[in-house]
Each structure stands twice: as structure tokens, then as C-alpha cells.
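**Student:** everything below, folded, please.
(one chain, ligands or ions: 1)
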Amino acid sequence: MTSNSVLTGQNALVTGASRGIGRAIALTLAKEGAEVIVNFSNSANQAESLVSEINSSGGNAYALQANIGNEAEVDGLIKKIIERSGRLDILVNNAGITRDGLLMRMKTKDWMEVINLNLNGVFYCTRAVARTMLKQKKGRIINITSVVGLMGNAGQANYAAAKAGVIGLTKSTAKEFASRGITVNAVAPGFISTDMTKDLNAESILEAIPLGSFGTTEQVAGVVKFLAADPAAQYITGQVLQVDGGMVMS
Ligand code: NAP
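**Tutor:** Next up, the predicted model:
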């Protein structure tokens, strides 16, 4: 990290940053000079070790626990960040879960849990940061959706509905916030190697990926970094950038 790093002087909240894609996003934004707030829900040790890794390599990070599916906890999280850092420049809505099953047998609880974290959580966080970003007349909101939200997927009706909802939320918020210097975009990964995808049947999935492999968490993080950076992404809002090896071409 140097004083010329593209995000120097800014801070970024990454939800669900203790593992997987969120972890890579936190590391990447920290390398670019941002102060990173590592949100986690259960994995306290992993969050703390990520914070140590960032801070010991010259970066700046701290961890805050909050269940992003809980409105009051999200409001408390954003309040703590504003008290401690005085501002919030970049919000990366990354926390997500799956509870897969065919629709006919899908339990209401599995539907609700996925919609609650993956869609309501994005709403709670976006609303909670809005006042601060509107006052700053500056902000970047980057929502991690999924190609499944564009194409649907048997066995993931709950997840696909939530991720499609995130795309609608992204575009609507982008229109509401554009005049105040805040951009809102979504990143739609295809299949990325993380805990979330470790039990999937790789062979059948690979056939559907023109570039022939799963993506890496760093590849998703690179696109998030691009969307967070000025001036590169200053004129981009309301867009969905796919990082999917060519799986979905529209
Ligand atoms: P992952 O490896 O399972 O990690 C999920 C992260 O979300 C963890 O850090 C976890 O933190 C956090 N989390 C879970 N419940 C939470 C809650 N209630 N509040 C706050 N944080 C919570 O998943 P991933 O593959 O990195 O996925 C990250 C995002 O990318 C998700 O939105 C996912 O839908 C999306 N995505 C993933 C893929 C893929 O192929 N992997 C593809 C498309 C989209 P704790 O361990 O601390 O609970």
C-alpha cells in the first residue's frame, strides 16, 4: 500500500468478510489504502485473524460483529462505524447464505432465512448508510448478487429470488442516489470456489462455463475494487457486472 493507492483516505464496510469472497474483498480494499471494517456473524476468530493480517501488513482494519439479517443490529453496526470512523465511503453488501431445495419441498423457514439475509439485509444496510452518504455527497454501494438472480436455478428458488431482488434494489437505489454523488452497482459472480460451493458437483457445472473453471475470490474482489475507485468507476451506476467465466451472456 502506498499513499497513491486508489482508496487512501476512504473507509469501507464489507459485510460477511470473515470468509470467502468477503474476505478477499476486505484484503483487496485494504491493499488499496482503505480502512476496512470487517463484519462477521459467527466466525470471530477468522475475522480477527483477517484484521491482524491487514494491520500487520501496513493496512488498517477492525472487526465488528452483527447479524446483517437483523435490522436493529445493522443500525447499531453503522452507528458504531460512524462514531469510530466519522464517515462511511464504501459499503459492500456481501453477506449471504444458501438453503437449497426443490420448491415443492422447500420449508418456509429456508425461504425466509435466505430472503432475510440476502435481500432484507442489503436493504437494512443501504438504508442505514444512506443519511451519512447523502450528507457526504459521496459514496459507493456495491451489492454482491449472483448470476442465479439473472438466470434462475433449479433447487435455489429462494436464493434466485433474493439475488434478483438485489438487482432491482440496486437499480432503484442507483436512481434515487445518483444526484447526490453516490453510485450503486451490483457484482454477479458465477461459481466461485468458497465454502458456499464446496459441496457442488463441479463436473456438471464446468460444462456450462465457457472459460472452463470456477472463479476465484480475488477475481470478484478485483471487480469490487474497480467499482469503488475514482475516477475509473465514477460514471458507472445501476449496473450489474458479471464475473462468471461467460456462463450467462445476455
Ligand atoms: P461463504 O464462503 O459461505 O461466506 C459467507 C460469509 O457471509 C461469511 O463471512 C459469513 O460470516 C457471512 N454471513 C453469513 N451469515 C451472516 C449474517 N447473518 N450476518 C453477517 N454475515 C453473515 O460465501 P461466499 O461464497 O463467500 O459468498 C459471499 C457472497 O457472494 C454471498 O452473497 C453469495 O450469495 C455471493 N455469491 C457467491 C458465489 C459463489 O460461487 N461462492 C456465487 C455468486 C454469489 P460468518 O462465518 O461470520 O457467519
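**Student:** how much space separates Ala188 from the ligand?
**Tutor:** Distance of Ala188 to the ligand, given as C-beta to the nearest ligand atom, to the nearest Å: 7 Å. Every residue, glycine included, has its C-beta placed from N, CA and C.
**Student:** same question, Glu83
**Tutor:** For Glu83 relative to the ligand (C-beta to the nearest ligand atom), the value is 20 Å.
**Student:** how about the secondary structure of that residue?
**Tutor:** Secondary structure for Glu83, judged by DSSP: H, G, I helix; E, B strand; the rest coil, is helix.
**Student:** for the remainder of this discussion, apply numbering that starts at 33.
**Tutor:** Shifting the count to begin at 33 puts that one at Glu115.
**Student:** who's in contact with it?
**Tutor:** For Glu115, no residue meets the contact criterion (C-beta atoms under 8 Å, 6 or more residues apart in numbering).
**Student:** cool, and Ala240?
**Tutor:** Ala240 sits next to Met279 when contact means C-beta under 8 Å, 6+ apart.
**Student:** what pLDDT does it get?
**Tutor:** pLDDT recorded at Ala240 is 94.
**Student:** measure Gly270 to the ligand for me?
**Tutor:** 19 Å.
**Student:** is the least confident helix or strand in the chain by mean pLDDT anywhere near the ligand?
**Tutor:** Ranked by mean pLDDT, DSSP states H and E, the weakest helix or strand in the chain is helix 234-238, scoring a mean of 90. No. Residues of helix 234-238 are not located near the ligand by C-beta under 6 Å from any ligand atom, the shortest gap being 9.6 Å.
**Student:** same check on stretch 123-142?
**Tutor:** Yes. Using C-beta under 6 Å from any ligand atom, stretch 123-142 reaches the ligand at Asn126, Ala127, Gly128, Ile129.
**Student:** just give the nearest non-adjacent residue to Gly153, would you?
**Tutor:** Ile100 (3.9 Å; C-beta to C-beta, 6 or more residues apart in numbering).
**Student:** show me what contacts that neighbour?
**Tutor:** Neighbours of Ile100 in contact, by C-beta under 8 Å, 6+ apart: Thr47, Gly48, Asn71, Ser73, Val106, Ala127, Leu149, Gly153, Tyr156, Cys157.
**Student:** can you rerun that using 7 Å?
**Tutor:** If you count contacts by C-beta atoms under 7 Å, 6 or more residues apart in numbering, Ile100 has them with Thr47, Gly48, Asn71, Val106, Ala127, Leu149, Gly153, Tyr156, Cys157.
**Student:** what are the contacting residues of the lengthiest helix in the chain?
**Tutor:** Across the chain, the helix with the greatest residue count (assigned by DSSP state H) is helix 189-209. With C-beta under 7 Å, 6+ apart as the test, helix 189-209 has contacts from 130-131, 135, 138, 142-143, 146-147, 150-151, 154-155, 158, 173, 175, 177-178, 180-181, 184-185, 215-218, 269-270, 272.
**Student:** re the thing from before, off-centre distance for the least confident helix or strand of the chain?
**Tutor:** A distance of 25 Å separates the centroid of the chain from that of helix 234-238, by C-alpha atoms, centre = their mean, to the nearest Å.
**Student:** stretch 208-215 too?
**Tutor:** On C-alpha atoms, centre = their mean, the centre of stretch 208-215 falls 19 Å from that of its chain.
**Student:** checking Gly101 next. Helix, strand or coil?
**Tutor:** Of the three states, Gly101 takes coil under three-state DSSP.
**Student:** tell me how many other residues surround it.
**Tutor:** The tally of other residues near Gly101 (other C-beta atoms under 10 Å) stands at 21.
**Student:** having no further points to raise, I will conclude here.
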